[in-house]
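1. Attaching a predicted model along with its sequence, questions to come.
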Amino acid sequence: MRLPFLDRDEEAARLTRLLESREGSLAVLYGRRRCGKSRLLREVLPQERSIYYVGDEREATLQRASLASEIARLLPGFDRVAYPDWDSLCARFWNEASPGTALVLDEFPALAAVAGELPSVLQKYVDRFPERRLHLLLAGSSQRLMQGLALDRTTPLFGRAREILKIAPLRAGWIQRALPLPDPIQAVEAYAVWGGVPRYWELAGDHPDLAAAVRALVLSPLGVLYEEPSRLLLDDLRDTAQAASILGLIGQGCHRASEIAARLGKPATSLSRPLERLIEMDLVARETPFGTSVRSSKRTLYRIADPFLRFWFRFVQPDRSRLEARQLAAVERDVAASFPRHAGEVWEELARASVPALECFGRTWGPAGRWWGPGLDRQPLEIDVVAESETRDALLIGEVKWTAPDDPARTLHELERKAAQLPLVEGRKVFLALWLKAPVQGSLSDQVMTPQQVLAGLC
C-alpha cells in the first residue's frame, strides 16, 4: 500500500521556502533509511524544474553519464557529451540550467565515495554562482557521513547549507491514520513492532493483520525486513559486529554498561565510545532517573530506542537458527507469549512521551521520565512517570499498565503510597495519574489516560 504524505509540514515548508528563494542555495537532508527523505523531496520538488539522481557504487565515469541523462530531461542534449570530470559537468549545468532549477543528489555518500573530489567541486559552484539561483539538495541515509559533509569544519561544504534537516521516524500517533487502525490498542501494538518508520507501515499494510505481517516480513528468512538491522548498521559503521553484539545484549535484558561489558568479556570503559555512537545514531537511548543528569548519575541504563529494532533483537536474533530451519510456528508461539510484555514497555515510553501534549489536571507539563532508586524510607522505589509542571511547583506522578489491573482504585492508592516516598515531592503539589489500556468509568476517569488520548497527543 502507499501511505498518504504524513507529518512533514515543517520540513516541506522549509524546503519550499528555500526553493523559492531569489539566490542559489544548498540543503542537506539525512536520517536513517526508509524514513521518507525521498518521499519528502518528491512531494516538494517542482517536477518541471528539478533533477533527481540517486548515487550508487559504480565508477564515477558511469555515474556522470547517468546524471547527464537525468539532466537531459530538462536540458535536451546534455547527455550527448562524455564529461571527463565532475568539474566539466557542473560547469555546463550551472551555466545552462534555468534559474530556480533544483539538482537533488540522493544517497550522496555513495556518490562521494567513488568521487572524492565532488564535494570540493560542488562547493566551488555553490560559492561562485549564487546569482544563477540554482538549488543543490544533498540527501543520504548514512547519518555519520551526511553530518560530516555539513557539520565538519574540515569538509568543503561546511557552513554552506541554508537548511540541514534530520528526517526522523514519525511520531506514534500517525500510525493509526496510516494503516488505518480504528482501534487505538491495535495501533499501540503495531507501533510496538514497526516503530515510526513509514516504509515499514507501508509493507505491513499489505497484510491482513499484525501477526501475518510479522510472519511474512520479519520472521521469515525471505522477509524484506529479516536482515534490516544489518543494513541499518552498515549505513553508518565500518565494523558492525560490536554494535550488533551490544544491541543483542540490550535486547535480551542487559541494560547497564557493566552487564554488557561482563557478557562481552571487556572492561566497561571500552564500551563508552561504541555506546555513544549508537546513541548518536538514535538506535540506543541513555536513561537516568528523572531529575538527575547523565554526568552525575551512576544509575545510567541503556535501552534500544527504536521499537522495531527492540522487537528484532528480542525475538528474531535469539531464534535465527529455528527461523532458518523454517520453524516459524514455534517461534510465533514464543513471540505471542512474550509480546504483551514487549508492547507494555513501548506503551510505557509512549505514555511518557505524551505528557507534554496532555493538559492533565489543567496544567501544562514538561518532558516526563522514569524514576528509580532508594525512596525516603531507603527501600527500592520505581515510578513509571514523573514530570514537572511548567511552573515547577507541581509534579505529575503516574503508573503505566498494559495488562488491565483488577482494581484501578487500588492501583491508584498504591501509587499514592509510592509517591509519598519519592524524594522529589517535598514542597510540591502532587497529581496522580494512571495510563491504562482501557478507560475507567466513574470518579477515577479524570485520572486515567488511555491509548486514544496518548496517540492523539503524539501527532
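-> Looks like it came in fine.

2. contact partners of the strand ranked longest in the chain?
-> Longest strand in the chain, counting residues (DSSP state E): strand 380-388. Identification of contacts with strand 380-388 by CB atoms under 8 Å, 6 or more residues apart in numbering yields 290-291, 348, 351-352, 355-356, 365-375, 394-400, 415, 418-419, 421-422, 424, 433, 435. Every residue, glycine included, has its C-beta placed from N, CA and C.

3. Now with 7 Å, please.
-> 290, 348, 351-352, 355, 365-375, 395-400, 418, 421-422, 424 (CB atoms under 7 Å, 6 or more residues apart in numbering).

4. Could you tell me the angle between the following helix or strand past it and strand 380-388?
-> For strand 380-388, the following helix or strand on the C-terminal side (DSSP states H and E) is strand 394-400. Using axes from the mean of the first three to the mean of the last three CA atoms, to 10 degrees, one finds that strand 394-400 and strand 380-388 are set 130 degrees apart in direction.

5. Does whichever helix or strand comes after strand 394-400 pack against any helices or strands, and if so which?
-> As assigned by DSSP H and E, the chain's next helix or strand after strand 394-400 is helix 408-420. Secondary-structure packing of helix 408-420 (3 or more CB pairs under 7 Å, 6 or more residues apart in numbering; DSSP states H and E): strand 394-400, strand 429-435.

6. by how many degrees do the first one and strand 429-435 diverge?
-> Read that as strand 394-400. Using the same axes, to 10 degrees: strand 394-400 against strand 429-435 is 20 degrees.

7. and the contacts of strand 380-388, which are buried?
-> Buried members of these, scored by 16 or more other CB atoms under 10 Å, are 290, 348, 351-352, 355, 365, 368-372, 375, 395-400, 418, 422, 424.

8. In the stretch 351-459 of the chain, where is pLDDT below threshold?
-> Along the stretch 351-459 of the chain, segments meeting pLDDT under 70 are nowhere present.

9. Sorry, slip of the keys, the one I care about is the stretch 151-300 of the chain.
-> 296-297.

10. swap the cut-off to 80 and go again
-> In the predicted model of the stretch 151-300 of the chain, residues 151, 293-298 satisfy pLDDT under 80.

11. What ranges does it have for its strands?
-> Secondary structure of the stretch 151-300 of the chain (DSSP state E, counting those that start in this stretch): strands at 163-166, 284-287.

12. can those go into CSV with extra columns for distance to Pro109 and mean neighbour count?
-> Shown next, in CSV, are these (distance: least, CB to CB, whole Å; neighbours: other CB atoms under 10 Å):
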stretch, distance to Pro109, mean neighbour count
strand 163-166, 15, 17
strand 284-287, 22, 18
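
13. As CSV, those strands with distance to Ile175 would be great.
-> What follows is the strands of the stretch 151-300 of the chain, written out as CSV (distance: least, CB to CB, whole Å):
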stretch, distance to Ile175
strand 163-166, 20
strand 284-287, 20
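
14. looking at those, which is closest to Thr240?
-> strand 284-287 (14.1 Å; CB to CB).

15. Direction included, what does the closest one pair up with?
-> strand 301-304 (antiparallel) (DSSP bridges).

16. Touching whichever helix or strand comes after the strand it pairs with from outside, list them.
-> Next helix or strand after strand 301-304 toward the C-terminus (DSSP H and E): helix 307-311. The contact list for helix 307-311 (CB under 7 Å, 6+ apart) reads 191-195, 197, 200, 229, 247, 251, 283, 304, 342, 346.

17. which one among the residues you listed gets closest to Ala65?
-> Of the contacts of helix 307-311, the one sitting nearest to Ala65 (CB to CB) turns out to be Val197, at 33.4 Å.

18. residue contacts, the nearest residue to Gly55 once chain neighbours are set aside?
-> Leaving aside its sequence neighbours, Gly55 sits nearest to Leu111 (CB to CB, 6 or more residues apart in numbering; 3.0 Å). Applying CB under 7 Å, 6+ apart to Leu111 gives the contacts 55, 63, 105, 118.

19. A strand includes Leu103, no?
-> Yes - judged by DSSP: H, G, I helix; E, B strand; the rest coil, Leu103 forms part of a strand.

20. what about Pro221, neighbour count?
-> 12 (other CB atoms under 10 Å).

21. what's the spacing between it and Val335?
-> Per CB to CB, to the nearest Å, Pro221 is found 15 Å from Val335.

22. Please apply the same query to Ser69.
-> Distance from Ser69 to Val335, by CB to CB: 47 Å.

23. quick one: contacts for Gly159?
-> Applying CB under 7 Å, 6+ apart, no residues contact Gly159.

24. what's the answer for Arg256, then?
-> Arg256 neighbours (CB under 7 Å, 6+ apart): Leu301.

25. now with 10 Å?
-> 250, 262, 268, 299-302 (CB atoms under 10 Å, 6 or more residues apart in numbering).

26. ok, of these, which come out buried?
-> 250, 300-302.

27. which one of these is nearest Gly148?
-> Closest to Gly148, out of all of those and judged by CB to CB, is Tyr302, at 25.0 Å.

28. Please report how far the residue nearest to the spatial centre of the chain lies from Leu203.
-> Centroid-nearest residue in the chain: Pro169, 3.9 Å away (criterion: CA atoms, centre = their mean). Distance of Pro169 to Leu203, computed by CB to CB: 15 Å.

29. And for Ser69?
-> From Ser69 to Leu203 the distance is 30 Å (CB to CB).

30. of the two, who's got more company?
-> Leu203 (20 against 12).

31. Not counting its neighbours along the chain, what's nearest that one?
-> Using CB to CB, 6+ apart, the closest residue to Leu203 is Leu217 (5.6 Å).

32. contacting residues around the one you found?
-> Applying CB under 10 Å, 6+ apart, the residues near Leu217 are 193-194, 200, 203-204, 206-207, 223-226, 228.
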